[in-house]
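Enquirer: Make a model of this:
(chains A, B, C and D)
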Protein chains: 4
Amino acid sequence: MTNTTGEIFKVTTFGSSHGKALGAIIDGCPSNLELNEEDIQIELNKRRPGTNNLTTSRNESDKVEILSGIFKGKTDGTPITAIVFNEDKSSEDYEYLKKKPRPSHGDFTWSSKYGNYDYYGGGRGSGRTTIGNVIGGTIAKKILSIYNIKVFSHVTQIGDVKAKKVDINLIEEHSKKNDVRCADNEAAKVMEEKILSLKEEGDSIGGIVEIIAIGVPTGLGEPVFGKLDGEIAKVLMNIGSVKGVEIGHGFKIAELTGKEANDEFHIEKNRVKTVTNKSGGILGGISNGMPIITRIAVKPTPSISTPQRTVDLEKMEDIEINIKGRHDPCICPRITTVAESTLSLVLLDFMLKGGFIPRKF
Amino acid sequence: MTNTTGEIFKVTTFGSSHGKALGAIIDGCPSNLELNEEDIQIELNKRRPGTNNLTTSRNESDKVEILSGIFKGKTDGTPITAIVFNEDKSSEDYEYLKKKPRPSHGDFTWSSKYGNYDYYGGGRGSGRTTIGNVIGGTIAKKILSIYNIKVFSHVTQIGDVKAKKVDINLIEEHSKKNDVRCADNEAAKVMEEKILSLKEEGDSIGGIVEIIAIGVPTGLGEPVFGKLDGEIAKVLMNIGSVKGVEIGHGFKIAELTGKEANDEFHIEKNRVKTVTNKSGGILGGISNGMPIITRIAVKPTPSISTPQRTVDLEKMEDIEINIKGRHDPCICPRITTVAESTLSLVLLDFMLKGGFIPRKF
Amino acid sequence: MTNTTGEIFKVTTFGSSHGKALGAIIDGCPSNLELNEEDIQIELNKRRPGTNNLTTSRNESDKVEILSGIFKGKTDGTPITAIVFNEDKSSEDYEYLKKKPRPSHGDFTWSSKYGNYDYYGGGRGSGRTTIGNVIGGTIAKKILSIYNIKVFSHVTQIGDVKAKKVDINLIEEHSKKNDVRCADNEAAKVMEEKILSLKEEGDSIGGIVEIIAIGVPTGLGEPVFGKLDGEIAKVLMNIGSVKGVEIGHGFKIAELTGKEANDEFHIEKNRVKTVTNKSGGILGGISNGMPIITRIAVKPTPSISTPQRTVDLEKMEDIEINIKGRHDPCICPRITTVAESTLSLVLLDFMLKGGFIPRKF
Amino acid sequence: MTNTTGEIFKVTTFGSSHGKALGAIIDGCPSNLELNEEDIQIELNKRRPGTNNLTTSRNESDKVEILSGIFKGKTDGTPITAIVFNEDKSSEDYEYLKKKPRPSHGDFTWSSKYGNYDYYGGGRGSGRTTIGNVIGGTIAKKILSIYNIKVFSHVTQIGDVKAKKVDINLIEEHSKKNDVRCADNEAAKVMEEKILSLKEEGDSIGGIVEIIAIGVPTGLGEPVFGKLDGEIAKVLMNIGSVKGVEIGHGFKIAELTGKEANDEFHIEKNRVKTVTNKSGGILGGISNGMPIITRIAVKPTPSISTPQRTVDLEKMEDIEINIKGRHDPCICPRITTVAESTLSLVLLDFMLKGGFIPRKF
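Expert: The predicted structure is shown next:
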């Protein structure tokens, strides 16, 4: 497996849905950064389940504990280990899943590959393992904020309900006003109703999340195989349930001509800016100083309560499965925190690689 | 810079549009593989410019020469170095570009980052540097074919012209019948007309390319941060002009419910298959044995002959630019070969990492 | 920092001498391996301090707890997290060291580099952090033993006391008979006396440890920059206090002629063997099937109770220092376990890289 | 294979003794550095064979050609490709070696591992492939010299002839005065005679080379698994024929007590220095600002003209072999250039990793 992301700011995550604990080791964090458990707890609380009726009913306090890497209140350059113990486990709910892969879940591929597969709540494939991303991402966000880089996200679509375009400066604030985390509060209501009605039916729904970073300097990214957009695409696609990643105009750019798609340059307050930002802040794999704009396509939660066809891997025969357990009817709202964290990891790593941030504060 | 891709089958590319030579070093190719220059030449010829009126008029024979890594007609485990010398350079066409970045090109970001920027034909940022990808990809394809894995691609959209869905088994053959490389030959005609008419106007157009791999075994991919789809997203996004990558249903999956989106399992000839393939062959980051289906959004060539606004980086003032030089009015047809090669690199690397292919034949 | 070693079998260690906990994450362990805490505890007990009068009086039970990576008694391919909580800390012993670097310790360089430096017991630079190596090494040894590869070590020199050459098949057994871990039990007595007498004087002593691996197949190692001996040299040199690494005849080979130094080949039971083994089991960077023999030079523990000259980093003036705390008068005996573990990590990683061991048992 | 060294300043070497060409790609060189072929040629000439009667009679001009990475006389951040074509090949001299491994050469292990083995002049295992190290090392040295870091080396022992200790500031100059590259010109004469007399007898001889870097700042090195001494040990051990690496006092430190071995600190011109330098400039894996001193044990050239026992790998029977071809009777003099280059690569990479050198000049 590859449980590490990043080259300088390296985050290694561990743990599974129903194991003893989950967490992350962060290696390469600049030293002399003030950091405590509370800093991390705030972000973890945002992805924590059970806080509203759009999420799974699993109730976890997700209390974080730092085991290493902090000396007298500050990072000391050594690896930061932070863990969260699992509390509300219902492993018996999953016992029936042994050798019966749930459709569109990783059960089949993971058990094929590794033989011994932890089928309790999706094991290591569970969304719960993104706690590690958030732990690392929180630290990354804290450092980025020192450099006036802000990373935020919002839900722009749930099923066929699309949010209206909201001014980039209002997105963060507006999206906090509803449980869907959509910056268009009108649309949010419709989205919420849609999610709840599908939850009622034992179904689930997909959506689109947009993640934005403002204040990113010109110069992040390493052509040719280490482009900023390439790395962003990778880490976001690596988040469970993501089936597509686009930058700037993304797939819509396919319909445009060069005249329509090009971002012309101009001088603004003695800095080079682009008039439009269809490129989403990245040109030739390197940030151009404009906001970085990326969107991910999130598939509907595959765990639905309708009977579905699957196979018995031991008997190698077709069977029907009824999935139990507790699940989010739509993971878009909670994935926002994970996606923000993950993008923050990438940006910080490139800031360090590019020498924009020292290794010691 | 990061000019290497892959972990076991490592491809390092070098060279620029108007430099002496371009090429690649392939480190980690299994030994005892029969390989000669002709093998590589065949694929290079597919991406070669100047072969029809949809491409740039730059005429390059792109003749490849192998400098190391082959002993008595077979690979010997040592690094394979293959180069192509540049022939038809018109560097003087680009002299005026010094310090005047072309809109939506990498000129601005690359020159900001590196100071000394080769502005001749886009330098190392030129599409021409994908010759390295094709050199490596050709070798990868040759090895994959031994394992009955086939990688092919086709153009599915140019501007607003969309191809009809074509049977997966016919795509490769049909897409060879036209210069657009679209499997829907009716649509191809319209696409070709569109491209030529925009070329006439000095404009360009974007599109979508789908890349497919069939015969991929179950088990490629390394969760959590080394997922197959994550790596695919990265390498495809790293190709110049790509602004989006999706797997399987991609962004359309956002509109579906769980019932609609899930791929149910069933047994077929004693093997586990999915009834549908909305997941595009990847579940939980690991291949599930179904065809791998991925699409990329390709932006219109930013080099257009209409006057555009840009800036003079020395004087820091707004100016107008008229781009000269020779360019493809639509890079989708030629990017197919590059995308196939690039996907092949990833698949081979995962085959090697997973132990599906020995290090010595 | 770089707290990870290995490419496939990756071990990331964390924690410091006086922090909450120390441990390791092992990513890339083959799945389906039976593993429990007891397996690890046995090896940890070998490096545990306080077990005889040659070691520091710090008393730690070093009880290991596995937090992730094991499902129903076996590895499941996910990262194995194992930790040990620190118990017997006397941080106050070290308070006086703030800004006063101990001679030949890492205090000066670490505090210069990271600013915020954990000076309690050497912090992360403490030998105590090799607990992580041993955790990973134990698992590596367990897997290697399945393939009949045995890794062991012994002290061959303490100060000027040199052990007699002992038959390679008796080394492991003989070296267990004394606290010095020397296979020559006569010499061991003299060594022990020397150590204890220097301990009395508040001084310490260096030595040489030989680490041997038998049963290693032909073919481990990756020329040109990934040679087996290169990697062994690196990981052994990375152990604190090691100032030299040699393979086979090592530095003595400098005095030989080609005739004297060459290992001739011959056939033995239909296998290629060398008549002698001055190469120490490695030719051209690749194992040749003969025993791998390597030695490390271990410096005397720099913490001695004699007054020494050092500097006050705040006042930038010369001062005298009297080191307190509890220390091993000679770390050779305890370093044997660490060195064995560390060599095992390398060998297992190369076995996995070379395809000698599957990724799933 | 692993033909790349370095993390930021990455050098990938390619080519074999009797193939078309040898060379290196340097990826990650800071941009805006003035660089031309002459810079590299000067160092290549130092390792070039055939310049005096201590070396092989193979006559190669080793003329370097830069294919990419330089724009208008300066590096532009893109990969620098530099090659040397082989000229004086006598492949027929080696035809008899097919399947007959030379004792203490890599023939046996390489052919076992890769199957298809280039046995002409040692193929990729030849010392000739260190041309790549020197190409990269030359650029590294040029950059280091801007920061007043000087890397040089000298032969300190040939067989049992040991050089007297020479003042560190005179070593570079003195060692240039003789073909042995020994700073003790008296000893050099004896060494030269010894080498020539053994050459006459068809034998060869080993030796020790010391490599020194002065002007290295405090702070290079990444504990715990990325220590400066660990990396130095690796890259030096990776040079063919090296069987041991030591830092500072090295193996002699095993005989010392803490009192004798410790380097006390004192203030000198407002900087922290050590009174002695038995640590060889590295403490806790990090440079301490004192000269870095390392030595390598070099084995005698295994190609000797005396008949030796070996095996026929096809018939699996014992045979006798008489090695032909042209060889250095002692590779110590020529290895000095390679070792200097290799150490320079490591130092530059750590300078870049530590932020001591910008990515753009």
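Enquirer: Quick check: closest non-adjacent residue to whichever residue of the stretch 201-350 of chain A sits closest to chain B.
Expert: In the stretch 201-350 of chain A, no residue comes nearer to chain B than residue A:284, which is 2.0 Å away by Cβ to the nearest Cβ. C-beta coordinates here come from the backbone N, C-alpha and C atoms, glycine included. With Cβ to Cβ, 6 or more residues apart in numbering or on different chains as the measure, residue B:106 is the residue that lies nearest to residue A:284, at 2.0 Å, once sequence neighbours are left out.
Enquirer: how about that neighbour, phi and psi?
Expert: When read as degrees, to the nearest 10, the backbone of residue B:106 gives phi -80, psi 0.
Enquirer: Distance of it relative to residue C:206?
Expert: Here residue B:106 is placed at a distance of 56 Å from residue C:206 (Cβ to Cβ, to the nearest Å).
Enquirer: Residue A:125 now?
Expert: In this structure, residue A:125 and residue C:206 are 50 Å apart, going by Cβ to Cβ.
Enquirer: same question, residue A:74
Expert: Summarising the geometry, the distance separating residue A:74 from residue C:206, computed by Cβ to Cβ, is 35 Å.
Enquirer: what sits against residue A:36?
Expert: With contacts taken as Cβ atoms under 8 Å, 6 or more residues apart in numbering or on different chains, residue A:36 has the following neighbours: A:66, A:70, A:73.
Enquirer: same for chain D: which of these are within range?
Expert: Contacts with chain D are made by none of the contacts of residue A:36, judged by Cβ under 8 Å from any Cβ of the partner chain.
Enquirer: and the residue lying closest to residue A:303 once chain neighbours are set aside, what does it touch?
Expert: When the adjacent residues along the chain are set aside, residue A:303 lies closest to residue A:327, with 4.2 Å between them (Cβ to Cβ, 6+ apart). Taking Cβ under 8 Å, 6+ apart as the definition of contact, the neighbours of residue A:327 are A:56, A:204, A:301, A:303, A:304.
Enquirer: swap the cut-off to 7 Å and go again
Expert: Taking Cβ atoms under 7 Å, 6 or more residues apart in numbering or on different chains, we find residue A:327 in contact with A:56, A:301, A:303.
Enquirer: Tell me the spacing between it and residue A:93.
Expert: 11 Å.
Enquirer: How about residue A:104?
Expert: Residue A:104 sits 19 Å away from residue A:93, going by Cβ to Cβ.
Enquirer: These two: which is more packed in?
Expert: residue A:104 (30 against 15; other Cβ atoms under 10 Å in any protein chain shown).
Enquirer: number of nearby residues for the closest residue to residue A:174 other than its chain neighbours?
Expert: Leaving aside its sequence neighbours, residue A:174 sits nearest to residue A:183 (Cβ to Cβ, 6+ apart; 4.1 Å). Residue A:183 has 28 neighbouring residues, counting by other Cβ under 10 Å.
Enquirer: hang on, residue A:183 packs against residue A:176?
Expert: No - applying Cβ atoms under 7 Å, one finds residue A:183 not in contact with residue A:176, separated by 9.1 Å.
Enquirer: if we can go back for a sec, ok, residue A:74 and residue C:206, which is more surrounded?
Expert: Just comparing residue A:74 and residue C:206: by other Cβ under 10 Å the higher neighbour count belongs to residue C:206, 28 against 18.
Enquirer: Contacts only, for the more buried one.
Expert: If you count contacts by Cβ under 7 Å, 6+ apart, residue C:206 has them with C:159, C:298, C:299, C:300, D:253, D:254, D:255, D:256, D:261.
Enquirer: Among the residues you listed, which one sits closest to chain A?
Expert: Checking the contacts of residue C:206 against chain A by Cβ to the nearest Cβ gives residue C:299 as the nearest, at 22.7 Å.
Enquirer: can you pull the pLDDT of that closest one?
Expert: With respect to pLDDT, residue C:299 scores 98.
Enquirer: how much space between it and residue D:142?
Expert: In this view, residue C:299 and residue D:142 are 35 Å apart by Cβ to Cβ.
Enquirer: Which one of those two is surrounded by more residues?
Expert: Just comparing residue C:299 and residue D:142: by other Cβ under 10 Å the higher neighbour count belongs to residue C:299, 28 against 18.
Enquirer: Quick check: residues of chain A near chain C?
Expert: When proximity is defined by Cβ under 7 Å from any Cβ of the partner chain, chain A lies next to chain C at A:1, A:3-4, A:12, A:14-16, A:19-21, A:25, A:27-28, A:31-32, A:67-68, A:71, A:74-79, A:81, A:114-118, A:124, A:360.
Enquirer: and the helix ranked longest in chain A, what other elements does it pack with?
Expert: When secondary structure is assigned using DSSP state H, the longest helix within chain A turns out to be helix A:332-353. Counting contacts by 3 or more Cβ pairs under 7 Å, 6 or more residues apart in numbering or on different chains; DSSP states H and E, the secondary-structure elements packed against helix A:332-353 are helix A:37-47, helix A:131-146, strand A:150-158, strand A:207-214, helix A:228-237, strand A:292-298.
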